[in-house]
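J.: Here is my input; please provide its structure:
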Amino acid sequence: MTVRPELTWPLGQLDQALLALARHAGLRPGSGELPPPPAALLTPPDPAGLERWVLGAAARLELEAEAVDTTYADVDTILRGAGPAILWLRGADERLLLVLRRRGRQLVVLTPELERRTLPLDDVRTAMLAPLEHRARPVLTAMLETTGIRPRRRPRVLHALLHQRLGPLRLPPCWILRTPPGAPFLALLRGEGVPRRVLALVATQTAELAVFVLAWSVIGRIAFQGQQSPGWWHAWVLLLITLVPLRMLGVAVQSELSRSVSAALKRRLLVGATAMSPDITRREGAGLLLARVLETGAIESLGLRGGLGSLLALVEVALAVPVLAAGPSPTVHVALFGLWALFAAAMVIRHARRTRRWADRRLDLTHHLVEAMVGHRTRLAQEAPSRWHLADDRRLGDLLTAQRGLDHSDAVIGTLLPRGWQILGVGALLLAFVAGRASPVGLAVGLGGVLLAGRALTSLVGGLSALLGAWVAYQKSAPMLAAAAHADVVPPGALLPAPPVPPGDDLVLARGLTFSHPRSPRQILRGIDLVVRPGDRILLEGSSGGGKSTLGALLSGLREPTGGLLLMGGLDRPTLGLPGWRRRVAASPQFQENHIFSATFAFNLLMGRSWPASPADLAEAEAVCRELGLGDLLARMPGGLMQMVGETGWQLSHGERSRVYLARALLQHVDLVVLDESFAALDPTNLQRALRCVHAHARAVLAIAHP
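T.: Coordinates of the predicted model:
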């Protein structure tokens with residue numbers, strides 16, 4: 001091992017290492033105490049069990065831990081983005097390396113003495129890969145010595161051979177710590193290091209503007225005061241040269257700042273999109289949801305541009321006002337600048353109202369477009385082609401009307417405001433010149449102040465316009481972003497192994513269960529009592545609209561009851577959390593609510609388990625498919641389980657999709673499988689096969705069907 005042992009932590013101190021890393025990385029962990037990991041997970045080390053323990057321990061600290069499962073070929077990608085992270089170094093002595101952040105080709109690590117040290121990234125990479133290379137490296141090295149390859153080229157050849165031979169092999173998991181995406185957005189930004197980057201950007205911009213003003217001051221002395229000595233010229237050239245690295249540094253800091261804010265926003269968006277209530281997604285439809293997703297792109301682009309532009313514009317304003325005050329008409333110039341800034345603010349607010357009107361029309365048109373594409377076959381069969389354009393024309397007309405108003409306000413902001421200030425500022429200088437109160441130096445300073453103030457005003461107006469545009473976009477996508485704050489929180493013990501329910505005990509217990517949709521007084525379910533034990537095979541029949549699917553959604557965790565008691569293995573939903581609940585029950589929803597993803601056939605089967613799949617997982621998935629009568633389908637597919645399926649791949653029939661949904665639920669190895677009309681599309685032969693497969697693989701079944 002190339003990493004010295006005194007820089008690493010013993011595996012048995014995983015609890016102390018996790019807490020120390022969270023504190024020294026500035027993540028502000030909660031006040032919860034961490035118990036040490038169970039001894040059964042340490043001797044011998046159980047990667048899956050330790051992964052569950054770390055995720056639960058991070059939840060106790062009100063943080064998010066992401067288990068990163070990487071391969072030999074992808075280790076460099078993990079190391080370049082590591083921090084704060086816990087790296088597991090396998091070997092004769094299991095050790096942990098705590099990485100705070102990356103600094104160039106160095107990693108800043110935290111030692112057991114809570115000291116910060118730096119390690120070469122290549123040394124850490126060698127230590128992580130050593131357990132996989134200990135057999136292959138000597139053999140390949142000896143082989144290269146017998147070849148005619150020159151000694152100085154052998155390391156590169158050895159690296160390529162190791163990469164080719166060991167590339168797919170998997171490394172022990174490492175864990176990356178983050179602020180939870182459901183935390184307040186300011187906390188997310190702090191976790192991404194945004195505040196320190198903002199301070200660095202302000203300092204860089206202030207220094208650049210100060211050097212810029214100083215350069216103009218020097219050239220002014222040369223032009224108006226006759227300072228023709230070489231020293232003044234040298235000073236002016238040095239100031240101009242200094243602007244180049246300052247500008248480059250500012251661009252680099254701004255790029256890092258944009259990346260950090262973008263990462264925080266995308267994390268919140270992804271969590272919010274998956275945490276939205278099923279009722280909202282069903283009510284709004286795919287078109288409006290897509291429009292909201294598109295609006296989040298506007299938040300990112302306009303918000304970053306507007307926020308940075310406004311911040312830097314304030315620095316320019318702070319420098320422009322003293323320069324104006326040093327001119328020949330300080331009172332007039334400062335007063336005119338203040339009044340014109342108020343007028344500019346009014347124009348920006350007017351522009352924001354028109355932006356909101358235009359955004360409403362755009363969302364409506366996007367929703368209509370998606371609905372028209374999804375329902376094209378229905379319109380083709382049911383609606384006369386002569387009527388297709390009526391709704392399209394009306395929506396396009398509304399959008400064009402809103403666009404004209406937005407273009408007009410854009411012209412006012414982009415042309416009238418900067419040019420108007422220049423006319424006012426130069427006019428005040430002319431009055432001072434006519435009145436004889438302005439010297440040549442004073443006129444030059446005043447003109448410089450007018451130009452600098454015009455630049456600051458243009459930047460400020462552009463930044464505020466972009467910020468208000470981002471605020472409008474945020475209001476349109478607020479349901480999706482706000483849903484992240486209400487995402488299901490993982491209880492600390494939810495991810496620990498759940499003991500099996502003994503035969504005869506209650507697997508599911510429901511007493512007085514009720515459910516009603518939000519803002520609806522009508523109860524879909526009322527006073528439901530249900531007991532499910534291991535080995536039960538329950539058939540739930542009833543007429544359409546009677547609440548069968550709603551009950552199945554409650555049992556599978558897709559919805560939460562509004563009243564009554566619902567226990568799974570003796571524990572309720574708040575205790576288990578959604579991940580813990582879904583580890584005990586799997587659902588195959590109705591056909592129209594299920595989906596074949598544009599991915600491999602194996603992924604569509606095993607998406608409820610860990611991915612990438614192991615050879616044993618793939619073998620089990622293939623066996624279940626053959627039991628369900630999908631063996632002929634696999635034989636026809638050129639890629640077998642690795643064949644791409646879905647909308648952009650191999651097309652599956654209605655019955656084949658139904659059996660894929662069945663296999664997906666059965667392969668999750670849960671205590672209860674809820675099947676909602678999963679057999680409706682099967683012919684009698686395949687129905688019998690499916691029933692035999694379900695009886696063989698499901699511990700308990702609740703099947704929903706029509707009479």
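J.: contacts, neighbours, all on C-alpha from now
T.: OK.
J.: where exactly do the strands run in the stretch 101-250 of the chain?
T.: Listed in chain order, the strands found in the stretch 101-250 of the chain under DSSP state E, counting those that start in this stretch are 106-110, 116-120, 174-178.
J.: Please name every helix or strand in contact with the last one.
T.: This points to strand 174-178. Counting contacts by 3 or more CA pairs under 8 Å, 6 or more residues apart in numbering; DSSP states H and E, strand 174-178 packs against strand 64-68, strand 85-89.
J.: where does the chain dip in pLDDT?
T.: Residue ranges of the chain with pLDDT under 70: 1, 31-32, 92, 224-228, 278-287, 297-308, 438, 484-500, 648-649, 707.
J.: domains in it, as residue ranges please.
T.: Residue ranges of the domains in the chain are recorded as 5-178, 182-275, 282-489, 508-705, according to automatic domain parsing.
J.: Of all the strands of the stretch 101-250 of the chain, which one is nearest Ala613?
T.: strand 174-178 (17.9 Å; CA to CA).
J.: in that closest one, what's buried?
T.: Judged by neighbour count (16 or more other CA atoms under 10 Å), strand 174-178 contains these buried residues: 174-178.
J.: same thing with stretch 551-566?
T.: Applying a neighbour-count criterion of 16+ other CA under 10 Å, one finds 551-561, 565-566 buried in stretch 551-566.
J.: Determine which two of those residues are furthest apart.
T.: Leu558 and Leu565 (16.0 Å).
J.: need the strands of the stretch 101-250 of the chain in TSV with distance to Ala210, can you?
T.: Conversion of the strands of the stretch 101-250 of the chain to TSV gives the following (distance: least, CA to CA, whole Å):
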stretch	distance to Ala210
strand 106-110	34
strand 116-120	35
strand 174-178	38
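J.: who wins for proximity to Gly397 among those strands?
T.: strand 174-178 (46.6 Å).
J.: Pull out the CA atoms of the closest one and give them to me as CSV.
T.: Taking only C-alpha atoms (Å, rounded to 0.1, in the frame of the first residue of the first chain), the coordinates of strand 174-178 have been written out as CSV:
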residue,chain,number,x,y,z
CYS,A,174,-16.9,4.3,-1.5
TRP,A,175,-19.3,6.8,0.0
ILE,A,176,-19.7,10.5,-0.9
LEU,A,177,-21.2,12.8,1.7
ARG,A,178,-23.5,15.7,0.7
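J.: before we move on, what SS does Val674 have?
T.: Using DSSP: H, G, I helix; E, B strand; the rest coil, the secondary structure recorded for Val674 is strand.
J.: That one contacts Ala703, doesn't it?
T.: Yes. Under the criterion of CA atoms under 8 Å, Val674 is in contact with Ala703, at a separation of 6.0 Å.
J.: for the residue of the chain most remote from its centre, phi and psi?
T.: Of all residues in the chain, Gly436 sits farthest from the chain's C-alpha centroid, using CA atoms, centre = their mean; the distance is 62.7 Å. Recorded main-chain torsions at Gly436 are phi 80, psi 20, according to degrees, to the nearest 10.
J.: Secondary structure element holding the residue positioned nearest the centre of the chain?
T.: In the chain, the residue lying closest to the centroid (CA atoms, centre = their mean) is Arg267, at 2.2 Å. Element membership for Arg267, per DSSP states H and E: helix 230-275.
J.: elements contacting that helix?
T.: Under the contact criterion of 3+ CA pairs under 8 Å, 6+ apart, the helices and strands touching helix 230-275 comprise helix 185-191, helix 194-224, helix 278-325, helix 440-482.
J.: Of all the ones you listed, which one is nearest Arg526?
T.: Set against Arg526 and scored by CA to CA, those come closest in helix 278-325, at 19.0 Å.
J.: following that closest one, which helix or strand shows up next?
T.: Tracing the chain C-terminally past helix 278-325 and defining elements by DSSP H and E, one meets helix 330-374 next.
J.: what separates that following helix from the chain centre, distance-wise?
T.: Taking the mean C-alpha point of helix 330-374 and that of its whole chain, the gap between them comes to 28 Å (CA atoms, centre = their mean, to the nearest Å).
J.: could you check the angle helix 440-482 makes with that helix?
T.: Taking axes from the mean of the first three to the mean of the last three CA atoms, to 10 degrees, one finds that helix 330-374 is oriented at 30 degrees with respect to helix 440-482.
J.: Return the most buried member of the helices and strands packed on helix 230-275.
T.: helix 440-482 (a mean of 22; mean count of other CA atoms under 10 Å).
J.: Report all helices and strands that that helix contacts.
T.: The helices and strands touching helix 440-482, judged by 3+ CA pairs under 8 Å, 6+ apart, are helix 194-224, helix 230-275, helix 278-325, helix 330-374, helix 417-434.
J.: who touches the next helix or strand after it?
T.: Scanning forward in sequence from helix 440-482, with DSSP H and E defining helices and strands, the next element found is strand 508-516. If you take CA atoms under 8 Å, 6 or more residues apart in numbering as the criterion, strand 508-516 is touched by 522-533, 560-570.
J.: tell me which residues in strand 508-516 are buried?
T.: For strand 508-516, the neighbour count (16+ other CA under 10 Å) marks 508-510, 513-516 as buried.
J.: Look up the closest residue to Arg267, ignoring the ones flanking it.
T.: Pro181 (6.1 Å; CA to CA, 6 or more residues apart in numbering).
J.: Determine the number of other residues adjacent to Pro574.
T.: Other residues near Pro574 number 14, with proximity taken as other CA atoms under 10 Å.
J.: swap in Leu672?
T.: Number of residues near Leu672 (other CA under 10 Å) recorded here: 30.
J.: I figured Val670 hits Ala586, correct?
T.: Yes. Taking CA under 8 Å as the definition, Val670 is a contact partner of Ala586 at 6.4 Å.
J.: which of these two has more neighbours?
T.: The neighbour comparison of Val670 against Ala586 (other CA under 10 Å) goes to Ala586, with 25 against 20.
J.: tell me which of the buried residues of strand 508-516 is nearest to Leu289?
T.: For Leu289, the closest of those turns out to be Ser516, at 23.6 Å, with distances computed as CA to CA.
J.: so what's the closest one bridging to?
T.: Judged by DSSP bridges, the bridge partners of Ser516 are Gln523.
J.: The helices and strands packed on helix 440-482 into TSV, with extra columns for distance to Ala599?
T.: Formatted as TSV, the entries for those read as follows, by distance: least, CA to CA, whole Å:
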stretch	distance to Ala599
helix 194-224	36
helix 230-275	19
helix 278-325	20
helix 330-374	21
helix 417-434	52
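J.: out of these, nearest to Glu145?
T.: Distances from Glu145 to each of the helices and strands packed on helix 440-482 were compared using CA to CA; the minimum, 45.3 Å, belongs to helix 230-275.
J.: Could you check how many residues crowd around the closest residue to Arg362 other than its chain neighbours?
T.: Beyond its immediate neighbours in the sequence, the residue positioned closest to Arg362 (CA to CA, 6+ apart) is Leu399, lying 6.5 Å away. When counting by other CA under 10 Å, one arrives at 20 neighbours for Leu399.
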